[in-house]
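1. 3D, please:
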Amino acid sequence: MIWLAASYLAGSIPFGLLIARAWSGKDVREVGSGNIGATNVARAAGRSAAIATLLLDAAKGLLPVLLAPRDPSWLRPACALCAVVGHCFPLWLRFRGGKGVATGLGVSLALAPWAAVAGGLTWLAAYKVLKISSVGSLAGVAVALAVAAFSADRFSLSGIAAVSALIVVRHSANIRRLLRRQES
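-> Okay, here's the model as predicted:
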């Protein structure tokens, strides 16, 4: 249980909020989408701040999974889910956090590296073509899950599937706007 709680707490560190405040003096929750993730940090504090947020948000998913014991087999995937839940619902921000994409990338790197690489490249390609981060995120999640189905053990695949489902749910408003062709 301590590993799961530690993973949640690591995931709940609001790097986007802290970086945007330090770099621009702005509260990222009052800019753009109000999200604490890297895309909104770019709006609030610029590209360098967004890259720092992306890296730190990925690290807070990667490290708890890598540090957790391998036995029992379900523990690392459970830590992965707890880290992403921490990012999406951080205790420190009244459970209003980000969408889990960068933290999901970090946990995927730990559980199924090829899936993470494929998902990251898919996000990059979709974003470069369409300039809509949510499309890139959702496409990246789908590709990462598909690659994990062929490259990960069943416990890791279950963890990635749970994280993917959470990320899709967190994007439900984006999906509705995409269907109405109103997503910016």
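2. What lies in contact with stretch 35-50?
-> Residues outside stretch 35-50 that contact it (Cβ atoms under 8 Å, 6 or more residues apart in numbering): 14-17, 19-20, 23-24, 26, 28-29, 31-34, 51, 53-54, 57, 93, 97-99, 101-102, 133. To be clear about C-beta, it is placed using only N, CA and C from the backbone, and glycine gets the same treatment.
3. Going along the chain from the helix or strand containing Gly119, find the next helix or strand for me.
-> Under DSSP states H and E, the secondary-structure element containing Gly119 is helix 113-130. Counting by DSSP H and E, the next helix or strand C-terminal to helix 113-130 is helix 133-151.
4. And the helix holding Gly119, what does it pack against?
-> Using 3 or more Cβ pairs under 8 Å, 6 or more residues apart in numbering; DSSP states H and E, the elements in contact with helix 113-130 are helix 101-111, helix 133-151.
5. and the angle from the longest helix along the chain to helix 101-111?
-> Looking across the chain with DSSP state H, the single longest helix is helix 47-67. On the basis of axes from the mean of the first three to the mean of the last three Cα atoms, to 10 degrees, helix 47-67 is oriented at 40 degrees to helix 101-111.
6. Between helix 101-111 and the helix or strand following helix 47-67, find me the angle.
-> Per DSSP H and E, helix 47-67 leads on to helix 75-88 as the next helix or strand towards the C-terminus. Here helix 75-88 runs at an angle of 170 degrees relative to helix 101-111 (the same axes, to 10 degrees).
7. which outside residues touch helix 75-88?
-> For helix 75-88, the surrounding residues in contact (Cβ under 8 Å, 6+ apart) are 3-13, 57, 60-61, 64-65, 68-70, 97-100, 102-104, 106-107, 110-111, 155-156, 158-160, 162-163, 166-167, 170.
8. Buried among these? Make that a ChimeraX selection.
-> Buried members of the contacts of helix 75-88, defined by 16 or more other Cβ atoms under 10 Å, are picked up in ChimeraX with:
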select :3,4,6,7,8,9,10,11,12,13,57,60,61,64,65,68,97,98,99,100,102,103,104,106,107,110,111,155,156,158,159,160,162,163,166,167,170
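9. Pull out the buried residues from the longest helix of the chain.
-> 49-50, 52-54, 56-65.
10. try stretch 177-184
-> Buried positions in stretch 177-184, judged by neighbour count with 16+ other Cβ under 10 Å: Glu183.
11. Can you pick out the ones from the contacts of stretch 35-50 that are in helices?
-> Within these, residues falling in helices by DSSP H are 15-17, 19-20, 23-24, 51, 53-54, 57, 101-102, 133.
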